[in-house]
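Trainee: missing the sequence, but the structure's below:
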DNA sequence: CTGAAAGCGCTTACAG
DNA sequence: CTGAAAGCGCTTACAG
């Protein structure tokens, strides 16, 4: 392993000089700079991050805590986040499926300058500690009750509300809701919006039309029978949409003639679905860009003003919703 | 920030004792162990990784160098790799789209114990250096000419060969080949297999039936005209397959009645496609599991025997290939 | 069973 | 413009 000592010896200067030159600090005679750069190049030297981090306390690294669901459903979210972190001269450090306690541990162990936590559960005690010890943090969604944290939120409630409302206004009832059974807050939020729209318009909703992933994978007779009694579908993501569409195609059901259809998702994931579906745009890329900007800014400037952002969902019409002429 | 000194003071012992107890080394009286554990718990102490890494040289971390393409096409590959790394008590450190030079730099800077590089370009000089400096490395595919490195390979050539052969044997010609225009070795390999099968059976292939992503996204008249002259399609991934299927559905083309279809991909990505497609199984999960096992084993045992693994691709019939009765 | 001390590879205030 | 020295938070061989 090549250390700063080796470079100093090779260049015939002190390690302090090598350090300053390689970090662009202070001023040095051209001759010395050249000697040092040549020596470093010749020896293939790279500054050891562990020594540097220990000494300076700066890690130049952002932790990312991400539930696996997002990796599968929104790969563009992770790609964008990582690229935004690079763009700000930090390194990302991705961790999948950690709970807040594990995240807190990593924070205390000095791995990152700050962390972006996607959809954490509400573990009040740990959040309290994270705040108390003044770690740089941005929570990206999640069921968090405290308000004194940086928070970037996508309005999933609104996503469910807008979609259901859109379908209700087109005279649909018995709106099938495709959701996931994993314990993520976003599923509960979307469902809340879906239910709220029903309430608002005085439409009865039926628990039996709330279908989860495992029911779709089974594709039972029971499900097919429900499809016959349904005139509209709302799905929380492209994957569940595709699972159902596969079943619909086998049943020779047409979208939107037989069934109106709205899916959550963004353009990357839904663009390849046929027939094209009216979508609720979930602005995940904007959310992570903002989170990266907020976090790195706080780290670099020390600015401790709490920022809370809410990004709205939005319907994008693609023609997969048809108005029913008669109410059921 | 809580350090080992704070814990030692709180517990009334030396820092050496704290270190040993928290790392389960040596033997200590129960009373002291309890005092130390309580103090650490009370102060919310976590061992600082930078100090530890600097002192021991052990990072407990595996670097992952991944082209973005895999994140989008095989999210299960990344999820599996990360989980396999966790399972061996290491941490993953993901980097997207780095070239070998940047990877080499990270290696020299002491971030990881070893690195898994997915589909690198063949930069002979840098590979030479990586080997010479004895970094723990597993290359996962890529266009590498040297044989003295750990290498896990999926036989993409065979994937292309098997698919084309399967279609040719079903009497197809003018087999449309959907590929990507990014500079990854796997695309070239699959194409090589596709061409080789044509050669082997004395079938003429036509450059005009090699369609890349941008042509699919345009969906020009020219493409539609080619579709009319095609009886079979082979696609390198589920995404391109879906793009084409969308076009086919609009043209009222039926699979397999009008067009036979084979896609590369694995079950997760292709399971939601309708109609169901005969696939070439690309064993990405097995590949990363092996890579993780090989790398962590080498790191832990110091075993330097070079390992080279080739995983074969395999056709999985799903009924989307139809035998043509007459040759064109 | 426990502690004092050395040292891992750096950066930086200080002195010259 | 340059260098000697302190010290970041740890672990571990050594001594007792």
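Mentor: Perfect, I can see it now. Here the structure is a predicted model, which means the values were calculated and not measured.
Trainee: Helices along the stretch 151-300 of chain A, start to end?
Mentor: Secondary structure of the stretch 151-300 of chain A (DSSP state H, counting those that start in this stretch): helices at A:156-169, A:185-200, A:213-218, A:221-228, A:238-250, A:267-270, A:284-301.
Trainee: neighbouring contacts of the lowest-mean-pLDDT helix or strand in chain A?
Mentor: The weakest-scoring helix or strand in chain A, judged by mean pLDDT, DSSP states H and E, is helix A:267-270 (a mean of 83). Helix A:267-270 is contacted from outside by A:73, A:74, A:75, A:76, A:237, A:238, A:241, A:263, A:277, A:279, A:281, using CB atoms under 8 Å, 6 or more residues apart in numbering or on different chains. C-beta here means a position set from N, CA and C on the backbone, and glycine is covered the same way.
Trainee: how does it look with 6 Å?
Mentor: Applying CB atoms under 6 Å, 6 or more residues apart in numbering or on different chains, the external contacts of helix A:267-270 come out as A:76, A:238, A:279.
Trainee: Please identify the buried residues of it?
Mentor: Buried residues in helix A:267-270, counted by 16 or more other CB atoms under 10 Å in any protein chain shown: A:268, A:269, A:270.
Trainee: ok, now stretch A:146-154?
Mentor: Residues of stretch A:146-154 classed as buried: A:149, A:150, A:151, A:152, A:153, A:154 (neighbour count, 16+ other CB under 10 Å).
Trainee: Including pLDDT and distance to chain B, could those residues go into CSV?
Mentor: Formatted as CSV, the buried residues of stretch A:146-154 follow (pLDDT from 0 to 100; distance: CB to the nearest CB, whole Å):
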residue, pLDDT, distance to chain B
A:149, 94, 18
A:150, 96, 21
A:151, 97, 23
A:152, 97, 21
A:153, 96, 24
A:154, 97, 20
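Trainee: wait, which of the residues you listed is closest to residue A:115?
Mentor: Proximity of those to residue A:115 (CB to CB) peaks at residue A:150, which lies at 10.7 Å.
Trainee: how about the helix or strand harbouring residue A:309: buried residues?
Mentor: Taking DSSP states H and E as the criterion, residue A:309 maps to strand A:308-311. Neighbour counts over strand A:308-311 (16+ other CB under 10 Å) mark A:309, A:311 as buried.
Trainee: for stretch A:122-137, same thing?
Mentor: Using 16+ other CB under 10 Å as the test for burial, stretch A:122-137 gives A:123, A:126, A:127, A:129, A:130, A:135, A:136, A:137.
Trainee: Which stretch among the helices of the stretch 151-300 of chain A is buried most, on average?
Mentor: Most buried of these, by mean neighbour count (mean count of other CB atoms under 10 Å in any protein chain shown): helix A:156-169, with a mean of 23.
Trainee: Counting neighbours, what do you get for residue A:233?
Mentor: Residue A:233 has 28 neighbours, counted by other CB atoms under 10 Å in any protein chain shown.
Trainee: and the residue lying closest to it once chain neighbours are set aside, what does it touch?
Mentor: The shortest distance from residue A:233 to any residue other than its chain neighbours is 4.5 Å, reached at residue A:176 (CB to CB, 6 or more residues apart in numbering or on different chains). Residue A:176 sits next to A:209, A:230, A:233 when contact means CB under 6 Å, 6+ apart.
Trainee: Quick check: pLDDT value at residue A:176.
Mentor: Residue A:176 carries a pLDDT value of 97.
Trainee: Would you reformat the contacts of residue A:176 as JSON lines and include pLDDT?
Mentor: Formatted as JSON lines, the contacts of residue A:176 follow (pLDDT from 0 to 100):
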{"residue": "A:209", "pLDDT": "96"}
{"residue": "A:230", "pLDDT": "94"}
{"residue": "A:233", "pLDDT": "97"}
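Trainee: tell me which of the buried residues of stretch A:146-154 is nearest to residue A:313?
Mentor: Distance to residue A:313 across the buried residues of stretch A:146-154 (CB to CB) is lowest for residue A:154, with 6.7 Å.
Trainee: how near is that closest one to residue B:59?
Mentor: From residue A:154 over to residue B:59 the distance is 35 Å, taken as CB to CB, to the nearest Å.
Trainee: Same question for residue A:80.
Mentor: According to CB to CB, residue A:80 and residue B:59 sit 27 Å apart.
Trainee: Tell me the residues of the stretch 1-150 of chain A that contact DNA strand D?
Mentor: For the stretch 1-150 of chain A, the contact set with DNA strand D under CB under 7 Å from any atom of the strand comprises A:13-17, A:20, A:26-29, A:31-32, A:51, A:54-55.
Trainee: looking at the helices of the stretch 151-300 of chain A, which is closest to DNA strand D?
Mentor: Nearest to DNA strand D among the helices of the stretch 151-300 of chain A is helix A:284-301 (17.8 Å), distances taken as CB to the nearest atom of the strand.
Trainee: what does chain A put close to DNA strand C?
Mentor: A:1, A:3-5, A:15-16, A:19-20, A:22-23, A:25, A:45, A:47-48, A:50-52, A:54-56.
Trainee: out of those residues, which are inside helices?
Mentor: Under the assignment DSSP state H, the residues of chain A next to DNA strand C contribute A:4-5, A:15-16, A:19-20, A:22, A:50-52, A:54-56 to helices.
Trainee: Switch the residues you listed over to JSON lines; also include neighbour count and pLDDT.
Mentor: Formatted as JSON lines, these follow (neighbours: other CB atoms under 10 Å in any protein chain shown; pLDDT from 0 to 100):
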{"residue": "A:4", "neighbour count": "20", "pLDDT": "96"}
{"residue": "A:5", "neighbour count": "11", "pLDDT": "95"}
{"residue": "A:15", "neighbour count": "15", "pLDDT": "95"}
{"residue": "A:16", "neighbour count": "11", "pLDDT": "95"}
{"residue": "A:19", "neighbour count": "19", "pLDDT": "97"}
{"residue": "A:20", "neighbour count": "18", "pLDDT": "96"}
{"residue": "A:22", "neighbour count": "17", "pLDDT": "96"}
{"residue": "A:50", "neighbour count": "21", "pLDDT": "97"}
{"residue": "A:51", "neighbour count": "17", "pLDDT": "97"}
{"residue": "A:52", "neighbour count": "20", "pLDDT": "97"}
{"residue": "A:54", "neighbour count": "18", "pLDDT": "97"}
{"residue": "A:55", "neighbour count": "11", "pLDDT": "96"}
{"residue": "A:56", "neighbour count": "11", "pLDDT": "96"}
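Trainee: of these, list those near chain B.
Mentor: A:50, A:51, A:54 (CB under 6 Å from any CB of the partner chain).
Trainee: Nearest to residue A:325 among the residues you listed?
Mentor: Ranked by distance to residue A:325 (CB to CB), those are led by residue A:50 at 70.2 Å.
Trainee: need the contact list for residue A:49.
Mentor: Going by CB under 6 Å, 6+ apart, residue A:49 touches B:109, B:110, B:111.
Trainee: looking at the helices of the stretch 151-300 of chain A, which one has the lowest mean pLDDT?
Mentor: Among the helices of the stretch 151-300 of chain A, helix A:267-270 carries the lowest mean pLDDT, at a mean of 83.
Trainee: where does it sit relative to the chain's centre, distance-wise?
Mentor: In terms of CA atoms, centre = their mean, to the nearest Å, the centre of helix A:267-270 is found 15 Å from the chain centre.
Trainee: cool, and stretch A:170-177?
Mentor: On the basis of CA atoms, centre = their mean, stretch A:170-177 sits 29 Å off its chain's mean C-alpha point.
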